[in-house]
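Trainee: Fold the following, please.
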Amino acid sequence: MKDELIRAIGANGAVRVFVAYSKEMVQQARTLHHTSPVATAALGRLLTAGCMMGSTLKGEKDLITLQIRGDGPLQGIVVTADQKGRAKGYVFQPNVDIPSKYPGKLDVSGAIGKGSLRIIKDIGMKEPYSGEIALISGEIAEDLTYYFAQSEQTPSAVGLGVLVDRDTSVKHAGGFIVQLMPDTEEEVIAQLEKNIAQMPYVTDLYDMEKTPEQILAMLLKGLEPKITDRIPLSFYCNCTRERVEKALISIGKEELQKIIAEDKQATLHCHFCAKEYHFEEKELIELLKNAL
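Mentor: Numbering: from 1, shown residues only. Got it, this is the predicted structure:
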């Protein structure tokens, strides 16, 4: 299966659904950051959620950022996504290795620990919109369900999963978000609750070779599902040497002079894609001319 996000509605628009398959995107993140299995699972879950949430943004330049900070050994995760199914992200401690909850079940909540989830939407306003909750479990899907209810007053159900193979590569990754629109009728809610209660784990569904379309049909059984959009998913970082040059200039003339005098070179590392940008002394001197 190719990485893809399906957006759909059910019950004549009373329900909206997002179903994603994100194996290649999560595998690319694993390869870039050399993550351990539990770090891969945590980052993959948040990347998948970011893509689904990002698809609701209106403007082409709008961005959504999901930040988790916890007192567990993983320490934190950051993911940024846009409306085009493109996301990037990293974990603070990619090499975390803790015992599984049980065979086949990585302990993501144990790796994250207690902490907070913050969602930032940069939609071109003077100040970005920001909402924050305390983590209720560290399982990410449950925390996002709680976030939607508390910060956006939108009753939701979230399922996320990453299945890591024995060789630590990503076997499957994906997720879904189901949301009720205002004034949804009780019989629709009852049918939806029944459908969700009967759903296996996301990774189990994909391991059974279910497609996103089939998962959508299960979620909206009896509610006339209608696909409204299909969006390809990808791991994408927009860092460039020009952006890094601007970042160096922005630190100011005094700091740049200090770097030139003490180090005579600079190497900047992109947290999102692990790319490194090296600047020799003569290049830093040129940047200094534009610094304030």
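Trainee: list the buried ones in stretch 142-149?
Mentor: 142, 143, 144, 145, 146, 147, 148 (16 or more other CB atoms under 10 Å). For glycine as for every other residue, the C-beta is placed from the backbone atoms N, C-alpha and C.
Trainee: Let me see the contact set for the fifth one.
Mentor: With contact set as CB atoms under 8 Å, 6 or more residues apart in numbering, residue 146 has these partners: 133, 136.
Trainee: now it: how far from residue 49?
Mentor: To residue 49, residue 146 is 13 Å away according to CB to CB, to the nearest Å.
Trainee: Am I right that residue 256 falls within a helix?
Mentor: Yes - if the criterion is DSSP: H, G, I helix; E, B strand; the rest coil, then residue 256 is within a helix.
Trainee: Which secondary structure elements does the helix or strand containing residue 163 sit against?
Mentor: Assigned by DSSP states H and E, residue 163 belongs to strand 156-164. Here strand 156-164 touches helix 37-54, helix 141-151, strand 170-180, helix 202-207, going by 3 or more CB pairs under 8 Å, 6 or more residues apart in numbering; DSSP states H and E.
Trainee: which neighbours does that strand have in its sheet, and in what orientation?
Mentor: Strand 156-164 pairs in its sheet with strand 170-180 (antiparallel), by DSSP bridges.
Trainee: average pLDDT for the partner strand?
Mentor: What strand 170-180 shows for mean pLDDT is 97.
Trainee: angle of that strand against helix 141-151?
Mentor: 20 degrees (axes from the mean of the first three to the mean of the last three CA atoms, to 10 degrees).
Trainee: so where do the helices sit in this protein?
Mentor: 23-33, 37-54, 108-112, 141-151, 186-197, 202-207, 212-219, 241-250, 253-262, 281-288 (DSSP state H).
Trainee: Measure how the fourth one sits relative to helix 37-54, angle-wise.
Mentor: Interaxial angle, helix 141-151 versus helix 37-54 (the same axes, to 10 degrees): 30 degrees.
Trainee: Quick one: low-confidence residue ranges for this structure.
Mentor: Applying pLDDT under 70 to the chain flags residues 292.
Trainee: Go again with 80.
Mentor: 104, 124-127, 291-292 (pLDDT under 80).
Trainee: Grab the most central residue of it for me.
Mentor: Nearest residue to the geometric centre of the chain (CA atoms, centre = their mean): residue 47, 2.4 Å.
Trainee: That one and residue 214: what is the separation?
Mentor: Computed as CB to CB, the residue 47 to residue 214 distance reads 22 Å.
Trainee: Tell me, how many residues neighbour the residue nearest to residue 244 when sequence neighbours are not counted?
Mentor: Leaving aside its chain neighbours, residue 244 sits nearest to residue 277 (4.5 Å; criterion: CB to CB, 6 or more residues apart in numbering). By the criterion of other CB atoms under 10 Å, residue 277 has 17 neighbours.
Trainee: Just list whatever residues bridge to residue 277.
Mentor: With DSSP bridges as the rule, residue 277 is bridged to residue 268.
Trainee: That one is in contact with residue 241, isn't it?
Mentor: Yes - if you go by CB atoms under 8 Å, residue 277 and residue 241 touch, sitting 5.6 Å apart.
Trainee: count of residues packed around residue 275?
Mentor: Neighbours of residue 275 (other CB under 10 Å): 15.
Trainee: give me every residue that touches it.
Mentor: 237, 239, 269.
Trainee: circling back: return the most buried member of the helices and strands packed on strand 156-164.
Mentor: Most buried of those by mean neighbour count (mean count of other CB atoms under 10 Å) is helix 37-54; its value is a mean of 28.
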